[in-house]
Every structure is written in structure tokens, then in C-alpha cells.
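Participant: I'd like to go over a predicted model; first the sequence, then the structure.
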Amino acid sequence: MHEHVPSSTDHDHDHTSFGRRDLLRGAVVLGIGAAGATIAAASPAAAAPGEPPSLAPDPDAPADAPPGALAGVEIAAPTIASCATWGAAAARGTIDTVSTNPNKILIHHTASANVTDYSRAAGYQIARDIQQWHFANGWVDTGQHLTVSRGGYVMEGRHGSLSRLQNGSGTVVGAHAPGQNSQAIGIENQGTYTSATPPAQLWSRLVELCAYICDQYGIAPTQIYGHRDYTATACPGDVLYAMLPQLRSEVAAALAGTSWSVVVDNTSAGFSAGSSWLTSSFSGERYGADYRYATPAEVSDLATYSATIPSSGSYRVEAWFPGIAGYNTSTPFIVHTGTGSSTVRVDQSTGGGTWLSLGTYAMTAGTRTVVAVSRWTQGTAYVVADAIRITRL
Ligand SMILES: [Zn+2]
């Protein structure tokens with residue numbers, strides 16, 4: 001665990017409640033939670049992320065309304081397990097509350113092990129462990145407001161955080177960043193992201209969660225920061241910290257209603273591959289439970305990913321695979337736009353465990369095979385088909 005010094009004097013200034021939430025009500029409901037779909041879009045029209053503040057940010061600086069906010073998108077509430085659901089112990093003292101809405105989100109990592117058990121039970125157990133660690137600090141309860149597990153399960157942190165978030169009014173005073181505990185929602189991401197990339201499931205849920213928090217409290221996505229922006233700490237790790245501009249951008253796109261993205265994993269209904277494509281869970285860099293692999297051969301034996309492109313336009317296509325020395329250095333990925341196809345050669349011997357862009361394509365609407373992985377390549381090293389993501393730009 002990184003240090004989290006609680007502040008008992010964190011009530012020293014007001015901040016404005018924007019009431020923007022009301023403006024967001026009543027229009028389109030973003031389809032979070034649809035089968036296989038995630039919100040995870042980075043729109044070029046999205047707001048440029050704000051500059052990180054100094055370690056002594058101006059407390060009176062107002063939060064900007066997100067540029068897309070008035071487009072009128074309502075963010076569906078994500079599933080968040082309450083303290084009772086994940087089995088929190090009772091708080092060991094009085095939890096202070098504030099009636100003013102928080103004005104920012106601070107991103108943390110728990111600096112705990114990067115477990116490969118992505119189950120709900122594992123996430124809940126780590127949440128209970130965290131609470132005990134925080135009790136050991138002398139705190140009355142879990143320090144942060146919310147927690148995201150490596151498998152993408154979202155949990156309430158400090159008792160009372162969830163009901164106030166759902167009401168969009170006030171919060172409990174946390175213990176996650178001195179000076180910010182009554183005005184910043186603290187989100188702990190389970191794991192250590194100094195050199196590792198957060199699992200895709202964690203990232204998707206984090207984007208959804210931040211969009212929901214911004215919606216509920218009227219916080220601009222530019223007001224998402226890392227713990228280190230306010231405290232001398234390595235938290236949330238160099239890798240996750242470097243992803244905060246992407247987080248702001250994806251949250252802004254979600255709020256603006258311009259996000260559309262779909263992930264097709266090798267376990268999804270849209271995936272198809274023949275029996276020569278074997279299944280493995282060997283690499284921890286896999287997306288989801290497992291992935292498929294095959295030997296190169298001059299045969300037409302494709303692993304295919306089908307998706308429904310919702311409208312004609314520009315889309316980014318990405319692939320996720322485990323990158324291991326010994327996997328093929330020239331795996332053919334074939335992208336079908338609806339009017340033609342392009343083959344992209346991918347080196348799967350390195351650089352895995354994250355989304356690799358296969359490029360941006362003008363696509364027509366419709367349901368079809370959008371990406372295929374071919375065995376027709378050089379050498380004997382395995383070609384791998386794990387997950388693909390398509391994002392409207
Ligand atoms: Zn932290």
C-alpha cells in the first residue's frame with residue numbers, strides 16, 4: 001500500500017455545485033452493459049485533457065463544464081457492490097460527511113499484487129484486505145470512496161460513499177489524499193501499475209465509473225487526476241498515470257455521447273475459428289479467460305471477429321494479444337471495411353497485453369466479419385487470436 005495520510009482539517013473551503021447534472025437528464029441513455037459492449041472511445045473531438053496541477057493546486061479554480069455535456073447524454077449507473085455486498089467490516093468510528101459535491105476524481109493504485117484471479121470473489125477479498133490495512137493505519141474505515149478490481153468489479157469503499165454518489169449529493173470524507181479528502185472522490189484500482197498495464201476489464205469499468213461520477217456530481221472529465229498530482233507519491237504508478245489523458249478523453253466521449261466501442265473476445269458470440277485453433281490461458285497478458293492459437297500454414301483457416309458497425313464513419317481497430325517471444329512476428333490481421341480489406345502484419349512476439357492499433361478505417365454500417373486472423377504466414381511460431389476492439393472516432 002502506498003501511504004495515505006488522513007486529513008482532519010479538510011473542510012477549509014467551499015466549492016460550487018454546478019447543477020449540470022440536471023442538464024444531462026432525459027435524453028439518450030448510453031448503452032453501458034450491453035452484451036460484449038464497452039464504452040471506451042477516444043474521440044478526436046473530445047476535450048483536450050487539462051494540465052495536471054502543481055502539488056499546490058488553486059483550491060478556488062472552478063471545474064469546467066465538459067464540452068459535450070450539453071449534448072444531453074445520461075450515463076447509466078454501473079453495477080457497484082455495496083460494502084455489505086463485498087463483506088466490509090463495520091466502520092470503527094464516525095465517518096464525516098460533506099454536503100457539497102466533490103469537484104474532482106483522484107486515481108490510485110493499491111500497490112498490491114497483480115493477481116491473475118479476475119473473479120468477483122478475488123476482488124471482494126482484496127477489498128476486505130484493503131479495509132484491514134486501512135484500519136491498521138488507525139483509520140475508521142477504508143480510505144477511498146470506490147474500488148475497481150482487476151477483473152473489472154466495482155465496489156464501494158468507505159461506508160456511505162455509494163448512496164451519496166447515487167443521490168448525486170455530497171460525499172463522505174475519505175482518507176486517500178491529504179487536503180483533498182472532502183472534495184475529491186478517490187478510486188483505488190487493485191494492483192500495481194508502475195510497469196504493468198491495467199487489465200482491459202479494469203480499464204473499461206474505470207471509464208464507465210468515472211463517467212458516472214462526473215455525471216452524478218457535475219464534475220468535468222478534465223478534473224480527473226492522479227494521486228501524485230496532489231501528494232508526493234508514486235501512486236497510481238507510471239503506467240496508469242500516463243494513461244490519465246486517455247481516461248479523460250474516453251470519459252469526455254462517454255459524456256458527450258460520441259462513444260461507441262465494441263470488444264469481441266475469442267469467447268464472444270461474434271468470434272469463430274476452426275478446430276486447428278487451439279485454446280490457451282498460458283499468458284497472463286491474455287484478454288479475458290483465454291485465447292486461441294494456431295500454427296502457420298498456407299491454408300484458408302481464419303479466426304474471425306464479427307461485429308455490427310452502427311453507422312458509416314471512421315473507426316479505429318485494435319487488437320489485444322499476449323506478446324511472447326516465440327509467437328509469430330508477422331501475423332496477418334485482415335480488416336474488412338465493408339468496401340474492401342486491408343492486411344496488417346503484427347509482431348506478436350512482444351508488446352502484448354494492451355490494445356495495439358491496427359489503424360483507422362472508413363467503414364460502412366452493417367454486421368459482418370470486421371477482423372480476421374490468418375494462419376498464412378512465415379515460420380512455425382504460433383499466430384494468436386485473442387480480442388479485438390472497434391471504436392467509432
Ligand atoms: Zn494513492
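Facilitator: Sure thing, it's come through. Residues are numbered from 1 along each chain as shown.
Participant: which residue sits closest to Tyr217, ignoring its sequence neighbours?
Facilitator: Asn101 (4.5 Å; C-beta to C-beta, 6 or more residues apart in numbering). All C-beta atoms are positioned from the backbone trio N, CA, C, and that covers glycine.
Participant: ugh, typo on my part, it should be Gly186
Facilitator: His176 (3.3 Å).
Participant: is it true that the one you found touches Leu106?
Facilitator: Yes - contact criterion C-beta atoms under 8 Å: His176 and Leu106 qualify, at 6.5 Å.
Participant: intersection of neighbour lists for the two?
Facilitator: In terms of C-beta atoms under 8 Å, 6 or more residues apart in numbering, His176 and Leu106 are both contacted by the residues Ala184, Gly186, His227.
Participant: what residues are up against the second one?
Facilitator: Yep, that's Gly186 we're talking about. Contacts of Gly186 by C-beta under 8 Å, 6+ apart are 105-106, 108, 143-146, 157, 174, 176-177, 180, 227.
Participant: ok, 6 Å please
Facilitator: Leu106, Gln144, His145, Gly174, His176 (C-beta atoms under 6 Å, 6 or more residues apart in numbering).
Participant: how much space between Thr391 and Asn114?
Facilitator: In this view, Thr391 and Asn114 are 26 Å apart by C-beta to C-beta, to the nearest Å.
Participant: So for these two, which sits in the more crowded spot?
Facilitator: Thr391 (25 against 16; other C-beta atoms under 10 Å).
Participant: Excluding chain neighbours, give the residue nearest to the more buried one in space.
Facilitator: Ser261 (4.2 Å).
Participant: So what's the residue count around that neighbour?
Facilitator: Look at Ser261: counted by other C-beta under 10 Å, it has 22 neighbours.
Participant: who's it bridged to?
Facilitator: Applying DSSP bridges to Ser261 gives these bridge partners: Thr38, Thr391.
Participant: For it, report the pLDDT, please.
Facilitator: On the pLDDT scale, Ser261 is placed at 85.
Participant: from what I can see it touches Ile388, true?
Facilitator: No - contact criterion C-beta atoms under 6 Å: Ser261 and Ile388 do not qualify, at 11.0 Å.
Participant: So which bits of this protein are right by the ion?
Facilitator: Within the chain, the residues that sit near the ion (C-beta under 5 Å from the ion) are His108, His227, Cys235.
Participant: What is the nearest of these to Ala196?
Facilitator: Set against Ala196, the nearest of the residues of the chain next to the ion by C-beta to C-beta is Cys235 (14.2 Å).
Participant: Let me know the secondary structure of that closest one.
Facilitator: Recorded secondary structure, Cys235: coil (DSSP: H, G, I helix; E, B strand; the rest coil).
Participant: what about it, neighbour count?
Facilitator: 28.
Participant: likewise Ala76?
Facilitator: Ala76, neighbours per other C-beta under 10 Å, totals 17.
Participant: same deal with the one 5 residues further on?
Facilitator: Close neighbours of Ala81, defined as other C-beta under 10 Å, add up to 20.
Participant: Report the separation between it and Cys214.
Facilitator: 21 Å.
Participant: try Ser341
Facilitator: According to C-beta to C-beta, Ser341 and Cys214 sit 38 Å apart.
Participant: same thing with Gly359?
Facilitator: Relative to Cys214, Gly359 is positioned 30 Å away (C-beta to C-beta).
Participant: for the one helix or strand Leu356 maps to, which positions count as buried?
Facilitator: Using DSSP states H and E, Leu356 sits within strand 355-363. For strand 355-363, burial by neighbour count (16 or more other C-beta atoms under 10 Å) applies to Trp355, Leu356, Leu358, Tyr361, Met363.
Participant: The helix or strand just after that strand packs against which elements?
Facilitator: Using DSSP H and E, the next helix or strand after strand 355-363 towards the C-terminus is strand 366-373. In terms of contacts (3 or more C-beta pairs under 6 Å, 6 or more residues apart in numbering; DSSP states H and E), strand 366-373 is packed against strand 303-309, strand 331-336.
Participant: got those strands as TSV, with mean neighbour count and mean pLDDT columns?
Facilitator: Output for those, formatted as TSV (neighbours: other C-beta atoms under 10 Å; pLDDT from 0 to 100):
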stretch	mean neighbour count	mean pLDDT
strand 303-309	21	95
strand 331-336	22	98
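Participant: So what's the residue count around the nearest residue to Leu146 once chain neighbours are set aside?
Facilitator: Nearest residue to Leu146, sequence neighbours excluded (C-beta to C-beta, 6+ apart): Ile187, at 4.9 Å. Neighbourhood size, Ile187 [other C-beta under 10 Å]: 25.
Participant: Helix, strand, or coil at Ile187?
Facilitator: Quick answer, by three-state DSSP: Ile187 is strand.
Participant: which two from the buried residues of strand 355-363 end up farthest apart in space?
Facilitator: Longest span within the buried residues of strand 355-363, C-beta to C-beta: Leu356 and Met363, 18.6 Å.
Participant: What distance do you get for the residue sitting furthest away from the middle of the chain to the ion?
Facilitator: Of all residues in the chain, Glu298 has its C-alpha farthest from the mean position, at 38.5 Å, by C-alpha atoms, centre = their mean. With distances taken as C-beta to the ion, to the nearest Å, Glu298 is found 52 Å from the ion.
Participant: any idea of the pLDDT on that residue?
Facilitator: 95.
Participant: Need the nearest residue in space to it, chain neighbours excluded.
Facilitator: Take Glu298 and drop its neighbours on the chain: the residue closest to it by C-beta to C-beta, 6+ apart is Trp376, 5.6 Å away.
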